[in-house]
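# any chance you can model this:
(chains A and B)
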There are 2 protein chains.
Amino acid sequence: MVEAKILTNSSTSILPAKTKTTPKIFAKYRPDIMRASKKFLSNHDVAVYDMLRYSMGWKGLYAIKTSATKGKALRPTLCLLACAATGGSTKQALPLAVAIEFIHNFSLIHDDIQDRDETRHHRPTLWTLTGVPKAISAGNILRTTADSSLHNLTNAGIETEKVLEAISVLTKACLEMIEGQYLDVSYERIPNISIDDYLNMISKKTGALIKSSLHLGALIGTSNRSTINAFLSCGQSLGYLFQITDDILGIWGNQNETGKPVGSDLRRKKKSLPVVHVMTQASEKDKNILIKTYQKSHLSDEDISNIIEVMNRTKTKEFAQTLAKTHCDKALESLVGVKLTPETRNDLEELIGFLFHRNH
Amino acid sequence: MVEAKILTNSSTSILPAKTKTTPKIFAKYRPDIMRASKKFLSNHDVAVYDMLRYSMGWKGLYAIKTSATKGKALRPTLCLLACAATGGSTKQALPLAVAIEFIHNFSLIHDDIQDRDETRHHRPTLWTLTGVPKAISAGNILRTTADSSLHNLTNAGIETEKVLEAISVLTKACLEMIEGQYLDVSYERIPNISIDDYLNMISKKTGALIKSSLHLGALIGTSNRSTINAFLSCGQSLGYLFQITDDILGIWGNQNETGKPVGSDLRRKKKSLPVVHVMTQASEKDKNILIKTYQKSHLSDEDISNIIEVMNRTKTKEFAQTLAKTHCDKALESLVGVKLTPETRNDLEELIGFLFHRNH
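A predicted model of the protein is given here:
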């Protein structure tokens, strides 16, 4: 069972003061990531590659003329940052960064089909434009293109043993991610899941790829196993941190900042951490209110307010924030004993702090 | 454009006389393939692995108590046979054979969703039992488990450079296969495709994995590049041969032998070679009959007879058989200059002959 005491602003926190704004590290690596990814999907004339360029946010499709707003490319950024921090050349880690971003986007394409989600990044999801059969193939192609990218590691001068290790780590992460996606789908029909079930699910669905991003970056950057393990451990905590913060924003996020309506995760009846928590903590009377509300096919603004009222009584937001803070601190602590240049330590701490404080 | 003269029983054929019965090579390798595959899916308690064991035909699921009738496991058999024929130990090629079978079954799981097919091997398809979202994840897990299997190549004593080459070949085959699957889906809405379009599609959808099965087996068995290329080339022809024969059986196959009703591909309105051929060869009057018939939502026995009548006039069956024979001969010719033991040559020729003459 999870034990997390409710913290206020901890005076022992080692978080940098300003971490709400998007760290500059995202802008630093984005051009390289974009250039390398685009190159990979450019030399193909089968129409499915147009679908992929749409889902990557690079261009429109059919009647949708616009590209998407620029994403942060969190996972490949983590990979390149870990590589740089451990003394490696980010150029050598680029094939991995590209593969990670492709695997992430493959999971989004299939996830949108599985959840019947119709919008992502303010645009229609791929399956709504092309139908499910073509979108399934598009996701599969992106998944396999990720594998193709890994073969560039050899060209980038990485020794074959390390290439094989990197492929093995990423395969394992991908498998865990899909298992997590399966668990997420199967939990939909189960009225109550425990917080442990929830944490196991997100450690796979979201955590596996985030963890492997730092792990793989460090693997390319150094051969020091304790350093690699420190990044792996940091990545594990970041996976939890990222998803728990996402779940908080999914209910209490500001619409102007997240681009999603207030309580959007509640309207979608997503089994996020706050929902799992309130169901285990609410009084019998409140539980009945929740169950009745969730049985409705469409939740009104009043329903959303009622659920949030109950969450106030169970101190659900505080619970989630505390758990996020615990994983944020763990992530920072993982790197305490690791030798890093002041610049990369600052970049890493800023990024971790942002993942805790972010409002979008 | 394809040119294939109509052959009767060619006197120059190098086919063995008796090739209708299932060659004994299938029975020889099946136990090893089964044992190795089962091991790979056994140590997992997530329920999705039960779905995979069902889709592999090993056990029942929910109300479906029975396992499936034993498949031939053609692709892994080709892989092991190519390895043995080129002087390798089939034990070393086993991780590849398993990966190939998993990739094949992954493609079937997603294909059934894409085509809304409800029956395979006389049992309900996976998605009809679990719903589409879970079946998508199940397919994805099988796809990634294939990658996991490849890491056993190193344990089997294959040098790292060759492991990387094998991974690269299989990745490329997988990508081609999915592109072919995409083309197949997108051709559904197009009334007429050319025979060249059709051949390009099947060379990817069916051909890529069959080609790589022989290619990869030979890669493990030998380092002689011209031998490896001969098997690659043989595999390419076998891909065409397999699918064209499948298309012939899909219309003219004997129900008692194929387990499918007469004209089943016509009822499903599949764009198979006979359909593509008849649409390019029929008279204007016949074409109109075909178009009108195909516009019906359900085809009656009389409709099927009418279509087959038109196909008789365009000599469609003969065209398809001739094309199959051309690829059968090409496959055999690819191996003419290759040094093989009499036993493995006999096994290979028997298998190729079976793929031409098979009635199920």
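# so which bits of chain A are right by chain B?
Residues of chain A lying close to chain B (CB under 8 Å from any CB of the partner chain) are A:46-48, A:110, A:113-115, A:132-134, A:136-138, A:140-141, A:143-145, A:147-148, A:151, A:154, A:160-161, A:163-164, A:167-168, A:171-172, A:174-175, A:178-179, A:181-183, A:185-186. C-betas here are computed from N, CA, C, even on glycine.
# residue contacts, the residue in the stretch 201-350 of chain A positioned nearest to chain B?
Proximity of the stretch 201-350 of chain A to chain B (CB to the nearest CB) peaks at A:Lys204, 9.4 Å away. Counting by CB atoms under 8 Å, 6 or more residues apart in numbering or on different chains, A:Lys204 touches A:Glu176, A:Met177, A:Glu179, A:Gly180, A:Leu183.
# nearest to chain B among these?
For those, the nearest to chain B is A:Glu179 (5.5 Å; CB to the nearest CB).
# by how many degrees do the helix or strand hosting that closest one and helix B:160-187 diverge?
A:Glu179 belongs to helix A:160-187 when assigned by DSSP states H and E. Put simply, helix A:160-187 runs at 40 degrees to helix B:160-187, going by axes from the mean of the first three to the mean of the last three CA atoms, to 10 degrees.
# show me what secondary structure element comes after helix A:160-187.
helix A:195-205.
# what comes up buried for that following helix?
Buried residues in helix A:195-205, defined by neighbour count with 16 or more other CB atoms under 10 Å in any protein chain shown: A:Ile195, A:Tyr198, A:Leu199, A:Asn200, A:Met201, A:Ile202, A:Ser203, A:Lys204, A:Lys205.
# centre of the chain to it, how far?
Its chain's C-alpha centre lies 13 Å from the corresponding centre of helix A:195-205 when counted by CA atoms, centre = their mean, to the nearest Å.
# okay, the angle between it and helix A:160-187?
Taking the same axes, to 10 degrees, one finds helix A:195-205 and helix A:160-187 inclined to each other by 140 degrees.
# got phi/psi on A:Ser89?
In this entry, A:Ser89 is assigned phi and psi values of phi -90, psi 130 (degrees, to the nearest 10).
# follow-up on the earlier one: quick one: pLDDT of the residue of the stretch 201-350 of chain A closest to chain B?
Among the per-residue scores, A:Lys204 shows a pLDDT of 98.
# and the residue nearest in space to the middle of chain A, what does it touch?
In chain A, the C-alpha closest to the average C-alpha coordinate belongs to A:Thr206, at a distance of 5.1 Å (CA atoms, centre = their mean). When contacts are counted by CB under 8 Å, 6+ apart, A:Thr206 touches A:Gly180, A:Gly239, A:Phe242, A:Gln243, A:Asp246.
# next: A:Ile158.
A:Gln92, A:Ala166, A:Ile220.
# and the first one, what does it touch?
Taking CB under 8 Å, 6+ apart as the definition of contact, the neighbours of A:Gln92 are A:Cys83, A:Leu153, A:Ala156, A:Gly157, A:Ile158, A:Ile220.
# farthest pair in the residues you listed?
A:Cys83 and A:Gly157 (13.1 Å; CB to CB).
# more neighbours: which of the two?
With neighbours defined as other CB atoms under 10 Å in any protein chain shown, A:Cys83 and A:Gly157 compare such that A:Cys83 has more, 28 against 9.
# the more buried one: which element?
With elements taken from DSSP H and E, the one containing A:Cys83 is helix A:74-85.
# now that helix, how far from the centre of its chain.
The answer for helix A:74-85 is 14 Å, by CA atoms, centre = their mean.
# cool, and stretch A:49-61?
Distance, stretch centre to chain centre, for stretch A:49-61: 20 Å (CA atoms, centre = their mean).
# next one: stretch A:237-250
With CA atoms, centre = their mean, you get 8 Å for stretch A:237-250.
# got a list of contacts for that stretch?
Outside stretch A:237-250, the residues touching it (CB under 8 Å, 6+ apart) are A:74, A:78, A:199, A:202-203, A:205-211, A:214, A:258, A:260, A:264-265, A:270, A:272-274, A:317, A:320-321, A:323-324, A:327-328, A:330-331, A:334, A:352, A:355-356, A:358-360.
# run the last query once more with 7 Å
A:202-203, A:206-207, A:210-211, A:258, A:264-265, A:270, A:272-274, A:317, A:320-321, A:323-324, A:327-328, A:330-331, A:334, A:352, A:355-356, A:358 (CB atoms under 7 Å, 6 or more residues apart in numbering or on different chains).
# filter the residues you listed down to the ones in helices?
Judged by DSSP state H, the contacts of stretch A:237-250 include A:202-203, A:207, A:210-211, A:258, A:264-265, A:273-274, A:317, A:320-321, A:323-324, A:327-328, A:330-331, A:334, A:352, A:355-356 as members of helices.
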